[in-house]
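Peer 1: just need the structure, nothing else, for what follows:
(one chain, ligands or ions: 2)
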Amino acid sequence: MYKGNKVVVKPLRVSKLNLSRQVMVELKQVRELTHENLVRFIGMCVDEPNYALLTEHCIRGSLRDMLEKDAMNIDWTFRYSMVNDILEGMKYIHDSSLEFHGRLKSTNCVIDGRFMVKITDYGLKYVHEQIDLDTEINPRSLFWMAPEHLREPFPTKTGSKKGDIYSFAIILQEIITRSGPFRLEERHGTNKVVIEPEEILNRVKMGTTPPYRPEIANDECSAELMDLVRACWSELPGCRPSFADIKVQFKKITKGASNQNFLDNLLARMEQYANNLEQLVEEKSKSLIEEKKKTDELLCQLLPRFVAEELKKGNHVRPEAFECVTIFFSDIVGFTALSAESTPMEVVDFLNDLYTCFDSTIENYDVYKVETIGDAYMVVSGLPVKNGNEHAREIARLSLDLLVAIGNFKIRHRPERKLKLRIGIHSGPCVAGVVGLRMPRYCLFGDTVNTASRMESNGEALKIHVSHETKTILDIFGKFRLSARGDIELKGKGFMRTYWLEGEDTTPQKEPISE
Ligand SMILES: Nc1nc2c(ncn2[C@@H]2O[C@H](COP(=O)(O)OP(=O)(O)OP(=O)(O)O)[C@@H](O)[C@H]2O)c(=O)[nH]1
Ligand SMILES: [Mg+2]
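Peer 2: Ligands and ions are numbered 1, 2, ... in the order given. Purely as a prediction, here's the structure:
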């Protein structure tokens with residue numbers, strides 16, 4: 001920002017700038033130039049070594065960018081008015097004390113808010129002369145350079161009126177074909193062979209007859225415009241017209257193409273731009289909706305659906321107390337030893353297979369997977385949606401099912417090894433709520449959680465260790481077979497009577513036959 005306006009700051013690759021009288025004179029010279037098709041020169045930062053040029057900022061970027069935007073529909077009225085803007089700006093430069101530009105190219109034609117093309121980076125010959133020569137020059141940036149200048153020892157430090165006309169012809173080619181200079185040649189070459197930019201420059205320098213120039217297909221523009229382009233990039237500078245000549249010819253070419261006045265023209269450009277924007281917005285919204293769907297799905301996998309919905313609305317999710325839920329903990333016996341003798345990739349693959357096996361089993365029950373830590377699983381039923389007494393039955397059935405599933409599970413890198421699951425379940429009250437703002441997690445709190453976890457750690461491999469509280473609920477269903485384990489001492493809890501869940505009677509109960 002400079003004096004409240006956004007400006008372009010172009011750093012100068014020069015370690016020490018000699019602010020000679022000539023430099024001061026040319027700075028004054030460029031500051032005095034005013035034309036609606038010239039970018040206003042604001043000044044130079046002479047704070048060694050941060051030398052930089054400050055110029056007016058044009059919001060719509062360079063002509064090069066505009067032409068490259070595929071989504072931007074650029075009709076011929078728009079193209080002609082862009083050419084006209086460049087012509088006006090360049091004619092003004094040629095008629096001024098600058099005499100020529102020297103670095104005319106499509107990146108030095110920028111577009112302002114009203115779609116007016118403005119020429120930038122003009123003048124300051126003595127400043128540019130001091131720019132470090134050892135910095136590498138991108139050969140593509142020389143595509144606009146006339147052959148006579150390319151042949152000079154320092155092409156970037158020269159320039160002439162006729163050289164500018166050649167550059168203008170290259171810009172015309174860009175506007176007509178909408179592709180960068182020599183883009184076609186670089187891609188396919190003449191015999192479908194890719195030509196390197198250096199080689200393209202060599203061919204232009206050679207001055208063959210006919211001269212080597214970018215390709216424009218006959219049907220891409222009118223014959224008159226094609227003739228104008230050819231004249232402008234003539235090999236002999238003397239054969240190239242002046243901007244004054246071009247203006248006359250161009251008027252003839254565009255006659256009838258557009259008889260709109262300025263305001264109509266501007267409105268047409270705006271309308272086109274707005275249409276393009278609409279199309280762009282539509283495309284962007286589509287991908288946005290897709291992305292949103294993906295994040296929503298992810299969120300719902302990490303949090304219970306209703307919690308996710310509330311959080312998305314920006315609502316606070318209050319912690320909720322549940323009178324009775326059943327909590328399941330499981331652990332794989334010998335997992336640590338198995339991991340120790342496997343490579344990290346093997347462990348990841350193994351866990352991935354295991355989670356897939358677990359998750360596909362869990363899907364069949366009214367349960368919520370609270371978390372997984374390594375090989376440990378914590379699952380709950382009866383929350384976030386209450387389900388009467390069914391939580392104990394759901395968890396019991398899940399446990400029995402998982403024992404079978406894990407029994408059939410094959411460890412990819414140890415197919416002979418059998419996995420041993422240890423399960424502990426317990427029922428009781430608990431509180432559930434969302435903790436964490438950045439990474440919200442739905443957590444359970446309360447003694448029931450600790451007890452359930454202890455039930456697992458005090459259990460045995462391939463067995464389901466059930467607390468007295470869970471057994472009491474299971475008994476209501478009258479179908480579960482449990483055997484007493486005896487009284488065991490749980491850390492911090494004293495003695496507790498616990499059971500092994502052996503199975504469920506699946507013989508269907510006879511329905512009373514109705515008459
Ligand atoms: N949006 C916007 N981009 C600009 C403006 N002025 C310059 N640019 C862009 O900034 C980029 C860097 O510009 P420069 O450092 O001048 O490089 P260049 O124009 O490729 O080459 P030279 O001018 O010969 O040094 C180019 O893509 C310009 O088109 C402007 O006013 N607005
Ligand atoms: Mg530039």
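
Peer 1: what's the span of stretch 465-482 from first residue to last?
Peer 2: In stretch 465-482, first residue to last residue: 10 Å (C-alpha to C-alpha, to the nearest Å).

Peer 1: now it, how far from the centre of its chain.
Peer 2: 54 Å (C-alpha atoms, centre = their mean, to the nearest Å).

Peer 1: ok, now how distant is H35 from ligand 1?
Peer 2: Note on H35: its distance to ligand 1, by C-beta to the nearest ligand atom, to the nearest Å, is 15 Å. C-beta: built from backbone N, CA, C; applies to glycine.

Peer 1: er, P139 I mean
Peer 2: Remark: distance between P139 and ligand 1 (C-beta to the nearest ligand atom) = 13 Å.

Peer 1: quickly list the domain ranges of this structure.
Peer 2: Domain assignment of the chain by automatic domain parsing yields the ranges 61-260, 276-317, 319-504.

Peer 1: lowest mean pLDDT across those domains, which one is that?
Peer 2: Ranked by mean pLDDT, those bottom out at domain 276-317, with a mean of 75.

Peer 1: can you give the distance of that one from its chain's centre?
Peer 2: Here domain 276-317 is found 16 Å from its chain centre; the criterion is C-alpha atoms, centre = their mean.

Peer 1: strand partners (parallel or antiparallel) of the longest strand seen in the chain?
Peer 2: In the chain, assigned by DSSP state E, the strand with the most residues is strand 420-435. For strand 420-435, the paired strands and their directions (DSSP bridges) read strand 320-333 (antiparallel), strand 441-445 (antiparallel), strand 464-467 (parallel).

Peer 1: quick one, helices of the stretch 301-450 of the chain?
Peer 2: Using DSSP state H, counting those that start in this stretch, the helices of the stretch 301-450 of the chain run over 305-312, 335-340, 344-362, 390-407, 447-457.

Peer 1: now tabulate the ones you listed in a markdown table and tack on mean neighbour count and distance to D475.
Peer 2: Formatted as a markdown table, those follow (neighbours: other C-beta atoms under 10 Å; distance: least, C-beta to C-beta, whole Å):
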| stretch | mean neighbour count | distance to D475 |
| --- | --- | --- |
| helix 305-312 | 16 | 32 |
| helix 335-340 | 14 | 33 |
| helix 344-362 | 15 | 25 |
| helix 390-407 | 21 | 9 |
| helix 447-457 | 20 | 17 |
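
Peer 1: please name the nearest non-neighbouring residue to G89.
Peer 2: Using C-beta to C-beta, 6 or more residues apart in numbering and skipping the chain neighbours, the partner closest in space to G89 is N37 (3.2 Å).

Peer 1: residues touching that neighbour, list them.
Peer 2: With contact set as C-beta atoms under 8 Å, 6 or more residues apart in numbering, N37 has these partners: 85-86, 88-89, 92, 116-119.

Peer 1: of those residues, closest to ligand 1?
Peer 2: Among those, K118 lies closest to ligand 1 (C-beta to the nearest ligand atom), at 7.8 Å.

Peer 1: if we can go back for a sec, among the helices of the stretch 301-450 of the chain, which comes closest to ligand 2?
Peer 2: Nearest to ligand 2 among the helices of the stretch 301-450 of the chain is helix 305-312; the distance by C-beta to the ion comes to 46.0 Å.

Peer 1: ok, which residues in the stretch 101-250 of the chain are in contact with ligand 1?
Peer 2: Residues of the stretch 101-250 of the chain found near ligand 1 (C-beta under 6 Å from any ligand atom) are 103, 107-108, 110, 120-121.

Peer 1: any of those buried? List them.
Peer 2: Neighbour counting by 16 or more other C-beta atoms under 10 Å classes 103, 108, 110, 120-121 among these as buried.

Peer 1: in CSV: these, plus secondary structure and distance to I59.
Peer 2: Putting these into CSV (DSSP: H, G, I helix; E, B strand; the rest coil; distance: C-beta to C-beta, whole Å) gives the following:
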residue, secondary structure, distance to I59
R103, coil, 22
N108, helix, 16
V110, strand, 9
T120, coil, 13
D121, coil, 17
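
Peer 1: with adjacent residues omitted, what lies nearest to the residue of the chain found nearest ligand 2?
Peer 2: Closest to ligand 2 within the chain is D121: 3.9 Å, counting by C-beta to the ion. The shortest distance from D121 to any non-neighbouring residue, by C-beta to C-beta, 6+ apart, is to N108 (4.6 Å).

Peer 1: circling back: widest-spaced pair of the buried ones among the residues of the stretch 101-250 of the chain next to ligand 1?
Peer 2: Pairwise distances across those (C-beta to C-beta) peak at 13.3 Å, for the pair R103 and V110.

Peer 1: within range of ligand 2, give me the residues from the stretch 1-150 of the chain.
Peer 2: Contact residues (C-beta under 5 Å from the ion) of the stretch 1-150 of the chain with ligand 2: 108, 121.

Peer 1: now do the helices in the stretch 1-150 of the chain.
Peer 2: Going by DSSP H, counting those that start in this stretch, the stretch 1-150 of the chain shows helices at 21-32, 63-68, 76-95, 125-129, 147-150.

Peer 1: output the ones you listed as a markdown table; include the columns distance to K471.
Peer 2: Shown next, in a markdown table, are these (distance: least, C-beta to C-beta, whole Å):
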| stretch | distance to K471 |
| --- | --- |
| helix 21-32 | 92 |
| helix 63-68 | 73 |
| helix 76-95 | 81 |
| helix 125-129 | 90 |
| helix 147-150 | 92 |
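
Peer 1: that older thread, need the helices of the stretch 301-450 of the chain in CSV with distance to T135, can you?
Peer 2: Formatted as CSV, the helices of the stretch 301-450 of the chain follow (distance: least, C-beta to C-beta, whole Å):
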stretch, distance to T135
helix 305-312, 51
helix 335-340, 54
helix 344-362, 46
helix 390-407, 66
helix 447-457, 66
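
Peer 1: and ligand 1, which of those is closest to it?
Peer 2: Among the helices of the stretch 301-450 of the chain, helix 305-312 sits nearest to ligand 1 (C-beta to the nearest ligand atom), with 36.6 Å.

Peer 1: now the angle between strand 441-445 and the closest one, please.
Peer 2: Going by axes from the mean of the first three to the mean of the last three C-alpha atoms, to 10 degrees, helix 305-312 is angled at 120 degrees with respect to strand 441-445.

Peer 1: tell me the contacts of the residue of the stretch 251-400 of the chain found nearest ligand 1?
Peer 2: Closest to ligand 1 within the stretch 251-400 of the chain is Y273: 15.0 Å, counting by C-beta to the nearest ligand atom. Y273 makes contact with 72, 115, according to C-beta under 8 Å, 6+ apart.

Peer 1: confidence score at it?
Peer 2: pLDDT at Y273 comes out at 72.

Peer 1: secondary structure element holding it?
Peer 2: Secondary structure assignment for Y273, by DSSP states H and E: helix 262-302.

Peer 1: same question, G486
Peer 2: According to DSSP H and E, G486 maps onto strand 480-490.

Peer 1: the residue nearest to H468 when sequence neighbours are not counted: what secondary structure?
Peer 2: Computed as C-beta to C-beta, 6+ apart, the closest residue to H468 that is not its neighbour in sequence is R497, at 4.7 Å. The local conformation at R497, judged by DSSP: H, G, I helix; E, B strand; the rest coil, is strand.

Peer 1: list the beta-bridge partners for R497.
Peer 2: D487.

Peer 1: test my guess that it contacts D487.
Peer 2: Yes. Assessed by C-beta atoms under 8 Å, R497 is found in contact with D487 at 5.5 Å.
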